[in-house]
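Participant: attaching a predicted model along with its sequence, questions to come.
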Amino acid sequence: MSESTNERPVFPFTAIVGQEEMKLALILNVIDPQIGGVMIMGDRGTGKSTTVRALVDLLPEITVIENDPFNTAPKDPSEAGTQQIKIPMVDLPLGATEDRVCGTIDIEKALTEGVKAFEPGLLAKANRGILYVDEVNLLDDHLVDVLLDSAASGWNTVEREGISICHPARFILVGSGNPEEGELRPQLLDRFGMHAQIGTVREPDLRVKIVEQRTRFDEYPQTFRDEYQESQDALTSKITAARELLKKDTVTLSYDLQVKISEICSELNVDGLRGDIVTNRAAKALASFDLREEVTAEDIFKIVTLCLRHRLRKDPLESIDSGTKVQEVFSSVFGY
């Protein structure tokens, strides 16, 4: 007999088998949201949505002002009128309009009563949380542009008929899609900090393990979650400690390694400097995740493909995978 629960049970993050690249990209973005989000491309049924929801469930609660539509942090967490909530995760529906995403201004009320009547949208709800866009490659380009602008600046501006309202919109943007349904335009893809590629697990033993886990979770969700509670708590503590270490600004990336990162970007003909900036940030986030204050060449090796593969110019005659190309250039620059 299956267990009953009032809340929708979430599959534990530490129970997810494989997909290490996607899990690492998500964790690093949580440690340092300024990495700029992650785009996850993979086949149907590879656990993209499950992993994102599992990550949100893993994160510590945040303190907000009660009934605040923007999840604003109080100046003093101990003051009255505050509450603890789970980190917000907002799913962006495929058919969402710009008004639904950004919010709307009641022009009539503004003209007749002289007040700025603002109806917050999904960006306000996602502030200090995660905005998840499934099938982002099917979304209207203009809407993707709006999301990326807000994610990069941390603010959302709504302008209607000469009236302008601005509010904080600091969120981690996570997009996912199926490559069979088309890619994002290169200029939009470049604005995602990281790009994770995941495939269907091929090893029969692992497939059996995943099926067994899913069956047990569907039948007895709470019992299954309890089995992984210890590892979940340990990972939450590790992420919290990494965030604190990164805040102290003591994690260093030597000048020599910075030059080598830029050399890799130059060798790969990466346009602009986003690739250099994101790789530097991600390397520091990984070092802090391991509770180290100095970035090593191995840290860069682990994250460089995630940070650069989607910034390479596509050559239709090229048979080599872009991720392999990044690793080859890394090997030649670092002498690995």
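Facilitator: Right, received. Where do you want to start? Residues are numbered from 1 along each chain as shown.

Participant: how near is Glu12 to Asp149?
Facilitator: Let me fix one detail, which is that residue 12 is Pro and not Glu. Shown here: Pro12 relative to Asp149, a distance of 34 Å by CB to CB, to the nearest Å. To be clear about C-beta, it is placed using only N, CA and C from the backbone, and glycine gets the same treatment.

Participant: of those two, who's got more company?
Facilitator: Comparing Pro12 with Asp149 by other CB atoms under 10 Å, the one with more neighbours is Pro12, at 22 against 14.

Participant: contact partners for the nearest residue to the more buried one once chain neighbours are set aside?
Facilitator: Nearest non-adjacent residue to Pro12, counting by CB to CB, 6 or more residues apart in numbering: Tyr228, 4.0 Å away. By CB atoms under 8 Å, 6 or more residues apart in numbering, the contact list for Tyr228 reads 12, 14-15.

Participant: among these, which ones are in strands?
Facilitator: For the contacts of Tyr228, membership in strands holds for none, with DSSP state E as the criterion.

Participant: what about stretch 36-47, start to end distance?
Facilitator: 22 Å (CA to CA, to the nearest Å).

Participant: tell me the pLDDT of Ala50.
Facilitator: For the record, residue 50 is Thr, not Ala. Looking at Thr50, its pLDDT reads 85.

Participant: how about Glu181?
Facilitator: Predicted confidence (pLDDT) for Glu181: 78.

Participant: repeat for Asp140
Facilitator: Looking at Asp140, its pLDDT is 83.

Participant: list the contacts of it.
Facilitator: Counting by CB under 8 Å, 6+ apart, Asp140 has no contacts.

Participant: how about 10 Å then?
Facilitator: Counting by CB atoms under 10 Å, 6 or more residues apart in numbering, Asp140 touches 94-98, 146.

Participant: what does Leu235 give?
Facilitator: 12-14, 23, 27, 55, 58-59, 228.

Participant: among those, which are in helices?
Facilitator: 23, 27, 55, 58 (DSSP state H).

Participant: okay but Leu188 is in contact with Met39, surely?
Facilitator: Yes - if you go by CB atoms under 10 Å, Leu188 and Met39 touch, sitting 9.3 Å apart.

Participant: higher neighbour count, those two?
Facilitator: A side-by-side neighbour count of Leu188 and Met39, using other CB under 10 Å, places Met39 first with 25 against 19.

Participant: residues near the closest residue in space to the more buried one that isn't next to it in sequence, how many?
Facilitator: Nearest in space to Met39, with sequence neighbours left out and distances taken as CB to CB, 6+ apart, is Phe192 at 4.2 Å. The tally of other residues near Phe192 (other CB under 10 Å) stands at 27.

Participant: quick one: Phe192 from Lys48, how far?
Facilitator: From Phe192 to Lys48 the distance is 14 Å (CB to CB).

Participant: can you check Gly275 too?
Facilitator: Gly275 is 24 Å from Lys48, by CB to CB.

Participant: same check on Ile277?
Facilitator: Note on Ile277: its distance to Lys48, by CB to CB, is 26 Å.

Participant: look at these two and report which has more neighbours.
Facilitator: A direct count of neighbours by other CB under 10 Å for Ile277 and Lys48 places Lys48 higher, at 24 against 17.

Participant: any stretches of the chain with poor pLDDT?
Facilitator: 1-7, 77, 107-116, 315-321 (pLDDT under 70).

Participant: now do the strands in it.
Facilitator: Using DSSP E, strands in the chain cover 38-42, 62-65, 82-85, 89-91, 103-105, 118-120, 130-134, 155-160, 163-168, 172-177, 194-198.

Participant: residue ranges of the helices in the chain, please?
Facilitator: 20-31, 48-58, 98-102, 107-113, 122-125, 141-153, 186-189, 204-219, 221-227, 229-247, 255-267, 274-289, 297-308, 322-334.

Participant: could you dump the longest one to CSV, C-alpha only?
Facilitator: In this case it means helix 229-247. Taking C-alpha atoms only, helix 229-247 is exported to CSV below (Å, rounded to 0.1, in the frame of the first residue of the first chain):
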residue,chain,number,x,y,z
GLN,A,229,17.9,12.4,4.4
GLU,A,230,21.5,12.1,5.8
SER,A,231,23.1,12.6,2.4
GLN,A,232,20.7,15.4,1.6
ASP,A,233,21.5,17.3,4.8
ALA,A,234,25.2,16.8,4.2
LEU,A,235,25.0,18.3,0.7
THR,A,236,22.8,21.2,2.0
SER,A,237,25.5,22.0,4.6
LYS,A,238,28.3,21.8,2.0
ILE,A,239,26.5,24.2,-0.4
THR,A,240,25.8,26.7,2.5
ALA,A,241,29.5,26.5,3.6
ALA,A,242,30.6,27.1,0.0
ARG,A,243,28.4,30.1,-0.3
GLU,A,244,29.8,31.6,2.9
LEU,A,245,33.4,30.9,1.7
LEU,A,246,32.7,32.6,-1.6
LYS,A,247,31.2,35.6,0.2
